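> Below is the structure, and that's it, no one-letter string:
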């Protein structure tokens, strides 16, 4: 148990700054030696010597010290140190000595910051004293001094303070205990015991060992620093200074570079006088692809779309569209799909379309990575405008088949690719709707197509777009999820290549019951959605056969795919949505690199009995229910009786023995 430290001595009068300075100057060598002995030996003799000087110099108070903080020195029991009794009689020296001990031990005390405990760095020399080009250290002693240095390096700073206060100051243990307690040492008794165990040779007849030149930072030797390294550092500093000066001349303010302010005052130039960036604002520099270029091109994407529309020569409209893309103002409604940059184009973009659509003047531009749609009210000379951007990199014949040209409420107009020969609309909630022909004008713009509406909770209609390409007989199937590019709908195994559009009777039937769940993917930058029927299951109590689907939405950015699983039990209405099991993002499941899938739901039979249903993909050999419901079954499906609201988990075992867990 740690004993309670004794009370400090009675206070003396207040300590003036001048009195403290006089005591510090008079006893400076003794205080520096005391600090040198207490500081950790790991600093090295050069840093230790400079640190001791800096530490003592900083003990000078900035204002008078109150009387209660200046204790009278206690009487000495046995003054063994040189002149310790005479020195200890000065109250100013006693206060300075206590400050030196406290500062020297400041690097030993851990500090708490909330739940963390941080040990501060040891005291350093700071700005003063400062020595450049030399290394200073006390004179080396003999074997006794070396042995004492090694012994002091093995103990704590508080123990070194005990050795120094005994050997230099001749203080008894009770005074040492008071000093250590005032310095913040948590267990002074342990420090005194540790210091007592340090072997300290007696020294010579005329002085103790601690008073030898080995421990005197006021009698120093000088040696040069590493001359070769200093020369390298000097050269590097000169080179860095020259580089800073050159950069300051090149990119400095107009007053330094000789330029002058323009009409915008001190504002930076709009494109910093970059020729390529400035040309992006010039309608005359727009890329215009010839009408027949797509027929001989090596690829079929947006880069071979010709410039179409009745306003392709309207320079003012094109200039406004380019300027808004570069610097959209506060009256511009800017929209971008997830993962799409809204930055201006790096150079002149490609013009895809400029014309009137749905009461607006619309401009479609393409910069190789993105499509931008600018729209303003027809005939307006002011007011609001709209700018929408979407990623279109790595597009192909199917994904570059159409763009949303305009939206009027829930009605959508598309601009189709030049290789599209026919268009039709179909009700995706009706599996038997084979499509109604959709008229297109000479520029490939379709008539208004009834969309899905603005209310995501209303799934009373979901219109599909059928586009027939010149190079293929079967059409592509798309739907609108509120973005610039329509989403392609495919069905089949994720390992099948190329993907097949969801056009067959079975695929359209599954799509009709799944299409309403796809609205959760809106605004995610989805490029294509694939429906995969990974299992079928006979339901208990003669409930018929249910189909298990895994729906994966691939994005234009390549990451963040949207994946969801659902089960479709028999239903009277072909458009009845299936039961959604799980929805997740950013997983390879149900894609070419993730063909093993397991899912489960809680299902109620017509007799109001609850079951845990689970099913796995082709490589699943057994399924097991865990948690609130237990049971297992060989094969790819499982049906276990459960209570309403039961919380259960499922796992499966693959053909190679690997455990498969469901999507989360």
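Now that the structure is in, tell me what you want to look at. Quantities reported herein were computed from a predicted structural model and do not represent experimental measurements.

> Pull the contacting residues for the residue nearest to residue 355 when sequence neighbours are not counted.
In space, and not counting its chain neighbours, residue 355 is closest to residue 309: 3.0 Å by C-beta to C-beta, 6 or more residues apart in numbering. C-beta coordinates here come from the backbone N, C-alpha and C atoms, glycine included. By C-beta atoms under 8 Å, 6 or more residues apart in numbering, the residues touching residue 309 are 353-355, 362, 443.

> And for residue 428?
Taking C-beta under 8 Å, 6+ apart as the contact definition, residue 428 lies against 462-464, 479, 489, 508, 511-512, 515.

> mind checking pLDDT for the residue nearest to residue 355?
Per-residue confidence at residue 309 stands at 97 (pLDDT).

> Torsion angles phi and psi at it?
The phi/psi pair for residue 309 (degrees, to the nearest 10) reads phi 110, psi 160.

> picking up where we left off before, please identify which pair of the contacts of residue 428 lies farthest apart.
463 and 508 (13.8 Å; C-beta to C-beta).

> Tell me which helix or strand in this protein has the weakest average pLDDT.
helix 254-257 (a mean of 44; mean pLDDT, DSSP states H and E).

> So which of the contacts of residue 428 are in strands?
463-464, 479, 489 (DSSP state E).

> Let's have those in a markdown table, adding pLDDT and distance to residue 23.
Below are these laid out as a markdown table (pLDDT from 0 to 100; distance: C-beta to C-beta, whole Å):
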| residue | pLDDT | distance to residue 23 |
| --- | --- | --- |
| 463 | 93 | 94 |
| 464 | 95 | 94 |
| 479 | 95 | 89 |
| 489 | 97 | 90 |
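
> which of those has the most neighbours?
Ranked by neighbour count (other C-beta atoms under 10 Å), the ones in strands among the contacts of residue 428 have residue 489 at the top, with 27 neighbours.

> From residue 591, how far off is it?
To residue 591, residue 489 is 16 Å away according to C-beta to C-beta, to the nearest Å.

> do the same with residue 626
In this view, residue 626 and residue 591 are 27 Å apart by C-beta to C-beta.

> pLDDT (mean, whole number) over stretch 223-242?
Computed over stretch 223-242, the mean pLDDT rounds to 73.

> now stretch 139-148
Mean pLDDT, computed over stretch 139-148, is 76.

> More neighbours: residue 626 and residue 591, which one.
Higher neighbour count among residue 626 and residue 591: residue 591, with 17 against 13, using other C-beta under 10 Å.

> which ones are touching that one?
Counting by C-beta under 8 Å, 6+ apart, residue 591 touches 494, 552, 554, 561.

> Quick check: phi and psi at it.
Note on residue 591: its backbone torsions stand at phi -120, psi -180 [degrees, to the nearest 10].

> Residue 218 is in contact with residue 29, correct?
Yes - with contact defined as C-beta atoms under 8 Å, residue 29 counts as touching residue 218 (4.7 Å).

> on that earlier part again, of all the contacts of residue 428, which comes closest to residue 408?
The closest of the contacts of residue 428, once distances to residue 408 are taken by C-beta to C-beta, is residue 463, at 14.1 Å.

> circling back: dump the contacts of residue 591 to a markdown table, plus distance to residue 198, neighbour count and secondary structure.
Shown next, in a markdown table, are the contacts of residue 591 (distance: C-beta to C-beta, whole Å; neighbours: other C-beta atoms under 10 Å; DSSP: H, G, I helix; E, B strand; the rest coil):
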| residue | distance to residue 198 | neighbour count | secondary structure |
| --- | --- | --- | --- |
| 494 | 74 | 21 | coil |
| 552 | 72 | 25 | strand |
| 554 | 72 | 23 | strand |
| 561 | 68 | 23 | coil |
